[in-house]
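J.: Have a look; sequence and predicted model below, questions after that.
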Amino acid sequence: MADVLPTAFYDRDPARVARELLGAVLAVTARGRTLHARIVETEAYLGPHDPACHAVVGRTARTWHLHGPPATCYVYRIYGLHWCMNAVTLPEGIGSAVLLRAVEPLDALPALRRRRPRARRDLDLTNGPAKLCEAYAITGDHDGSSLVDGPVRILHGDAIADARVRRTPRIGITRAADWPLRFLVADSPWVSRTPTRFPVLPLDP
DNA sequence: CATTTGATGTTCT
DNA sequence: GAACATCAAATGC
């Protein structure tokens, strides 16, 4: 597809990629059908020198594809229960990525609801990193696949103006807990909750 | 509304 | 043996 974000898009500072992925479109293909969703919340993990990044332990079996080339899909299991999906950034061997934290479904709501029967509202289908993976059936099977021509791709979408973007610290981490590397679309109802204690910053301070 | 807790298993120390 | 890029239900106010 001509709209796919090219590898060069990912081969840059992960915080910049995280910002610019807002508004891009996740496209997940399975059994001949493709589902679409707009990305509204992301987090950047900067690499081996970021204490919260999985790359701190080096290139192990788990982090193998995190260290892959830009535009690689890195999927890992968390808390033994859930999956989280990342877009790998920077060149092979660096180990940096952007976590997809929330998306706005653009079609196929009934299919998403079937996979997430316990979601109370539609807004709860995809407003968290593990929720969106469950809704779109993204699992360890996708770990290492290409975001350019694999089963999970990211397409060029609407640009989100700087004025609509906010930054906060990253959620659920203990190390480098104050680094403002979470990016979200301020006026989207599809983002996850921001902890009350978190500062919410404009994009350009 | 906000905060706490139990579920669950892989990874790393 | 502890930590963990989470979720949903239960509890507190």
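T.: It's in.
J.: for the residue in chain A positioned nearest to DNA strand B, phi and psi?
T.: For chain A and DNA strand B, the shortest gap (CB to the nearest atom of the strand) falls at residue A:80, measuring 2.4 Å. For the C-beta atoms, the positions are set from N, CA and C on the backbone; glycine is no exception. For residue A:80, the backbone dihedrals are phi 70, psi 0 (criterion: degrees, to the nearest 10).
J.: Now do it, the pLDDT please.
T.: On the pLDDT scale, residue A:80 is placed at 93.
J.: Can you report how many residues lie near the residue of chain A found nearest DNA strand C?
T.: Nearest residue of chain A to DNA strand C: residue A:172, at 1.8 Å (CB to the nearest atom of the strand). By other CB atoms under 10 Å, 13 other residues sit near residue A:172.
J.: remind me which residues of chain A are low pLDDT?
T.: A:1-2 (pLDDT under 70).
J.: Buried residues in the longest strand along it, which are they?
T.: Longest strand in chain A by number of residues (criterion: DSSP state E): strand A:33-45. Residues A:35, A:36, A:37, A:38, A:39, A:40, A:41, A:42, A:43, A:44, A:45 are the ones in strand A:33-45 that count as buried (16 or more other CB atoms under 10 Å).
J.: give me every residue that touches the first one.
T.: Going back to what we said before, that points to residue A:35. A:27, A:28, A:29, A:105, A:107, A:108, A:111, A:112, A:136 (CB atoms under 8 Å, 6 or more residues apart in numbering).
J.: how about the fifth one, secondary structure?
T.: Put plainly, it is residue A:107. coil (DSSP: H, G, I helix; E, B strand; the rest coil).
J.: On the three-state scheme, the closest residue in space to residue A:48 that isn't next to it in sequence is what?
T.: Spatially, and ignoring its direct neighbours in sequence, residue A:48 is nearest to residue A:55 (4.5 Å; CB to CB, 6 or more residues apart in numbering). Assigned with three-state DSSP, residue A:55 falls in the helix class.
J.: quick one, what contacts residue A:55?
T.: Taking CB under 8 Å, 6+ apart, one finds A:45, A:47, A:48, A:63, A:66, A:67, A:94, A:95, A:96 in contact with residue A:55.
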